[in-house]
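K.L.:
kindly return the folded structure for what I paste below:
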Amino acid sequence: MTPMTKYHRQARRSAKSSVRPLALFLTLAATVSGSSALLGCASMPALAQKHVYIADNGDGGDDSNGAQSGGTHKAPPQLECPGVVTYWMHDATGYHPCIIVALEAPDIKLDLTNQPINVQAQFRMLSTGILLKANKIVGFSVPNSKETIYATLYGKRPFELGINPDDWPVIECKVLAKVGDVSNDDAQTIGIYRVRNEAWSDEDALGQLNWKLGQSKRKKRDQKSGLASSSTNVSGNSGYSAPSVAPPRKVAEEKPLVAVAAALGAPLPKPATVLSQNYEQFLLKASLPGLGDDFYQFEKAFGQPLNTDVDNRDKDWVWVAYRKNPKVTIFAGSKGKTNKVDVVIASIDTDSNLSDSQFGNIARALSSKFKAEKMGAPEHSVSYTPAGRIELANMPAQSYRATYFTTVNADDNKLAIVAVSRQPRALSELLREEGQRTEILRFLLKGLGSQ
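P.N.:
Down below sits the predicted model:
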């Protein structure tokens with residue numbers, strides 16, 4: 001080997017020895033930097049998770065304070081609505097949609113006596129989208145009790161209502177309520193209701209609502225008593241109770257039908273069935289025809305006539321009898337043969353006398369187009385006749401007059417008579433004259449002291 005070659009080998013060996021420490025250093029540096037990077041990447045989710053956890057628990061910083069304030073927000077108490085009645089109220093401008101709402105506190109331990117309750121009704125006409133709002137502030141007056149308060153709200157815009165209820169505007173009412181001084185976001189939606197003609201006045205609406213509340217409470221009480229009586233523990237199995245089962249209903253034993261022969265001309269015996277249809281609900285329907293309506297409306301509501309009298313001695317009157325309810329017979333009279341009814345008589349088969357409020361409600365229902373008119377207080381009078389003691393109740397309105405008395409039919413069953421007339425003369429005198437001239441009205445005479 002030449003000295004030149006040996007020199008070159010020594011130079012190459014020294015170069016390798018100098019490069020190896022440098023590579024080792026670079027490798028260690030890369031390893032350290034990679035570990036740091038990996039460590040940094042691994043710690044980022046942990047830090048993020050820790051930050052979220054702290055924020056959720058409300059520890060430290062402005063964000064935590066905001067989370068804490070949002071977490072302590074307390075929603076206002078939700079009211080209970082046990083009943084609602086919708087109706088139309090009439091004034092000089094027309095008919096206004098109305099609603100009366102019953103509200104109760106959710107818990108008797110919650111004292112809301114110092115909290116104003118803002119109730120809002122939003123009447124919306126579905127065909128046009130017109131929105132009418134009405135507000136009223138009510139409040140509880142008795143602390144820590146199951147008190148029921150009422151809110152009556154009226155739509156400001158008047159509407160014209162025709163004879164046919166099917167042509168009336170379709171209006172929905174959304175009822176909202178806020179307890180205390182809270183934002184609109186905390187308002188409670190009580191419900192959305194269709195405006196129907198369940199009453200004709202504020203007093204009538206309140207009476208209908210109280211009747212609904214009484215029926216609801218009675219139903220709940222009956223259900224509770226039924227469940228309490230049917231839940232019994234099974235003997236021998238501690239901690240186990242039998243499922244609640246309503247007690248079996250007792251079915252009355254049906255009696256066999258027996259054919260009875262009756263003499264010719266004798267009244268037929270009454271059927272031994274219970275009349276389930278309530279005469280007040282029948283007479284207080286919104287679609288009930290009355291004064292000023294054509295005989296066509298009466299046939300549409302009651303069907304074909306039960307009887308007619310056009311050949312009476314009073315050639316100026318036409319009388320028609322209708323019956324759709326087994327307890328009620330309607331007599332409609334038209335003077336001058338115009339086919340427009342001037343007198344309506346409701347003969348009600350009932351064992352009890354009508355109260356003044358019942359008399360007024362039925363008379364108002366029979367007046368049809370004049371239902372919105374305010375009626376005066378009933379005036380009672382008593383007279384003594386050969387037929388016995390006669391008591392009449394008269395109630396005037398602006399365009400018509402009403403009278404009430406009792407009589408009996410051919411079977412000596414008691415009848416309550418409510419009559420309305422748009423004729424200017426005294427109604428009792430008119431009925432007495434027409435009873436003497438018209439065969440189908442002759443049963444009225446005994447109650448008027450003329451037989």
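
K.L.:
CA only for contacts and neighbour counts going forward, please
P.N.:
OK.

K.L.:
point me to the helix or strand that includes Val101.
P.N.:
strand 94-104 (DSSP states H and E).

K.L.:
and Leu288, by the same measure?
P.N.:
Per DSSP H and E, there is no helix or strand for Leu288.

K.L.:
tell me how far it lies from Glu147.
P.N.:
As judged by Cα to Cα, to the nearest Å, Leu288 and Glu147 stand 36 Å apart.

K.L.:
neighbour count for these two, which is higher?
P.N.:
Leu288 (20 against 13; other Cα atoms under 10 Å).

K.L.:
quickly note the distance from the more buried one to Ile130.
P.N.:
With distances taken as Cα to Cα, Leu288 is found 29 Å from Ile130.

K.L.:
dump the residue contacts of Ile149.
P.N.:
Applying Cα atoms under 8 Å, 6 or more residues apart in numbering, we find Ile149 in contact with 102-104, 138-140.

K.L.:
swap the cut-off to 6 Å and go again
P.N.:
Going by Cα atoms under 6 Å, 6 or more residues apart in numbering, Ile149 touches 102-103.

K.L.:
tell me what it is bridged to.
P.N.:
Leu103 (DSSP bridges).

K.L.:
picking that back up, counting by contacts, list what the strand holding Val101 packs against.
P.N.:
strand 80-91, strand 148-154 (3 or more Cα pairs under 6 Å, 6 or more residues apart in numbering; DSSP states H and E).

K.L.:
Ala321 is nearest to which of these?
P.N.:
strand 80-91 (29.9 Å; Cα to Cα).

K.L.:
list the buried ones in the closest one?
P.N.:
Neighbour-count burial for strand 80-91, counted by 16 or more other Cα atoms under 10 Å, picks out 81, 83-90.

K.L.:
how about it as CSV, C-alpha atoms only?
P.N.:
Once non-C-alpha atoms are left out, strand 80-91 reads as follows in CSV (Å, rounded to 0.1, in the frame of the first residue of the first chain):
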residue,chain,number,x,y,z
GLU,A,80,-104.2,25.5,35.9
CYS,A,81,-107.2,26.1,33.7
PRO,A,82,-110.2,23.9,34.8
GLY,A,83,-112.7,25.4,32.4
VAL,A,84,-113.4,27.8,29.5
VAL,A,85,-116.6,29.2,27.9
THR,A,86,-116.6,31.1,24.6
TYR,A,87,-119.5,33.2,23.3
TRP,A,88,-120.6,36.3,21.4
MET,A,89,-121.4,39.6,23.1
HIS,A,90,-123.6,42.2,21.4
ASP,A,91,-123.6,46.0,21.7
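
K.L.:
what lines up beside that strand in the sheet?
P.N.:
strand 94-104 (antiparallel).

K.L.:
need the contact list for Phe189.
P.N.:
Small correction: residue 189 is Thr, not Phe. So Thr189 contacts Leu176 (Cα under 6 Å, 6+ apart).

K.L.:
in which helix or strand would I find it?
P.N.:
Using DSSP H and E, Thr189 falls in strand 188-194.

K.L.:
just the angle between the very next helix or strand once past that strand and strand 148-154, please?
P.N.:
Once strand 188-194 ends, the next helix or strand along the chain (criterion: DSSP H and E) is helix 202-230. Angle between the axes of helix 202-230 and strand 148-154 is 140 degrees (criterion: axes from the mean of the first three to the mean of the last three Cα atoms, to 10 degrees).

K.L.:
so which bits of helix 202-230 are buried?
P.N.:
202, 204-206, 208-210, 212-213, 227.

K.L.:
so how far is Pro424 from Leu284?
P.N.:
With Cα to Cα as the criterion, Leu284 and Pro424 are 25 Å apart.

K.L.:
okay, the two: which has more neighbours?
P.N.:
Using other Cα under 10 Å, the more surrounded residue of Leu284 and Pro424 is Leu284, with 19 against 9.

K.L.:
show me what contacts that one?
P.N.:
Ala365.

K.L.:
again with Glu379
P.N.:
Contacts of Glu379 (Cα under 6 Å, 6+ apart): 393-394.

K.L.:
in a helix, Gly360, correct?
P.N.:
Yes - looking at Gly360 with DSSP: H, G, I helix; E, B strand; the rest coil, it is inside a helix.

K.L.:
next, count neighbours for it.
P.N.:
22.

K.L.:
just to revisit the earlier point, direction included, what does the strand holding Thr189 pair against?
P.N.:
strand 171-179 (antiparallel).

K.L.:
so what touches the strand it pairs with?
P.N.:
In contact with strand 171-179 (Cα under 6 Å, 6+ apart) are residues 117-126, 187-195.

K.L.:
tell me the mean pLDDT for that strand?
P.N.:
Strand 171-179 shows a mean pLDDT of 93.
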